[in-house]
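Visitor: from the sequence below, what's the structure:
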Amino acid sequence: MKVFFSILIIISCSTLFFQIYTNSKKDQLINWDSEESISNFIEIRQDAENGEITYGPNFSNSSKALSENFSDIYLMRIVDLNGADHYTIYISAKYEDKDWRSYKSAINAQGNAKLPLTLLSKTNKNCSEEICQYEEKLAIPLSFLYFFDGSVSGLDITIHGNRSDQIIIPAEYFKAMLNSIPEE
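Guide: Numbers count the residues shown, from 1 in each chain. Down below sits the predicted model:
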């Protein structure tokens, strides 16, 4: 099941980012304290291979500290071709450093619970004698309960590896994503 989920996320993320880059709303400002503002940037795509993909705006753009360490942070909902819902946080850490950050775990500060962290890919390029450009793509699958709870209290996670980074996603982002789910 974990392998299936990883493959589903990789394929979905590849499709997602092609679509995002071709239809970017990058120049518009998002009020991260407003569910309505965030809702204006939620996209729902139908993908013949993966099903329905819903994703919010790139949260890494919400603060300078996040954008300096992460190129992408997205909440995603995928309804696969069998109708099963999958919720995840997709993270891409692009950085210049002397070594990998090698993120290995994620902790939810609300309850100090360990969250599953899946490494999707690691690449490095443009290395000099002292520094390289690195990219680590990660997924944190969430249960519907975590996703729903995020709409009340947000989600405060810390990802750990050779260094630790905190990502606090506001409740308004989760509310906007939940409100985008069509009623059945």
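Visitor: mind listing what's buried in the longest strand along the chain?
Guide: The longest strand of the chain (DSSP state E) is strand 85-97. The neighbour-count check on strand 85-97 (16 or more other CB atoms under 10 Å) flags 86-95 as buried. For every residue, glycine as well, the C-beta is placed using N, CA and C.
Visitor: before we move on, what about stretch 135-150?
Guide: Within stretch 135-150, the residues scored as buried using 16+ other CB under 10 Å are 136-142, 146-147, 149-150.
Visitor: and which of the buried residues of strand 85-97 is nearest to Thr54?
Guide: Set against Thr54, the nearest of the buried residues of strand 85-97 by CB to CB is Tyr87 (9.7 Å).
Visitor: test my guess that the closest one contacts Phe144.
Guide: Yes - assessed by CB atoms under 8 Å, Tyr87 is found in contact with Phe144 at 6.3 Å.
Visitor: returning to what we had before: and the furthest pair within the buried residues of stretch 135-150?
Guide: Across the buried residues of stretch 135-150 (CB to CB), the longest gap, 26.4 Å, separates Glu136 and Asp149.
Visitor: so how many other residues sit close to Glu52?
Guide: 16 (other CB atoms under 10 Å).
Visitor: sorry, back to before: and the buried residues of strand 85-97 as a markdown table, adding distance to Tyr173 and pLDDT?
Guide: Shown next, in a markdown table, are the buried residues of strand 85-97 (distance: CB to CB, whole Å; pLDDT from 0 to 100):
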| residue | distance to Tyr173 | pLDDT |
| --- | --- | --- |
| His86 | 18 | 94 |
| Tyr87 | 13 | 94 |
| Thr88 | 14 | 95 |
| Ile89 | 10 | 96 |
| Tyr90 | 13 | 96 |
| Ile91 | 14 | 96 |
| Ser92 | 17 | 96 |
| Ala93 | 19 | 95 |
| Lys94 | 21 | 92 |
| Tyr95 | 23 | 91 |
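Visitor: from those residues, which is closest to Ser105?
Guide: Ile91 (13.0 Å).
Visitor: excluding residues flanking it in the chain, which one is nearest that closest one?
Guide: Distances taken as CB to CB, 6 or more residues apart in numbering place Leu138 nearest to Ile91, at 4.4 Å, with adjacent residues excluded.
Visitor: quick one, helices of this structure?
Guide: 2-22, 35-39, 64-69, 144-153, 171-179 (DSSP state H).
Visitor: outside of the last one, which residues touch it?
Guide: Pointing back at helix 171-179 there. Outside helix 171-179, the residues that touch it by CB atoms under 8 Å, 6 or more residues apart in numbering are 32-36, 38-39, 42, 54, 56, 59, 75, 77, 147-148, 150-155.
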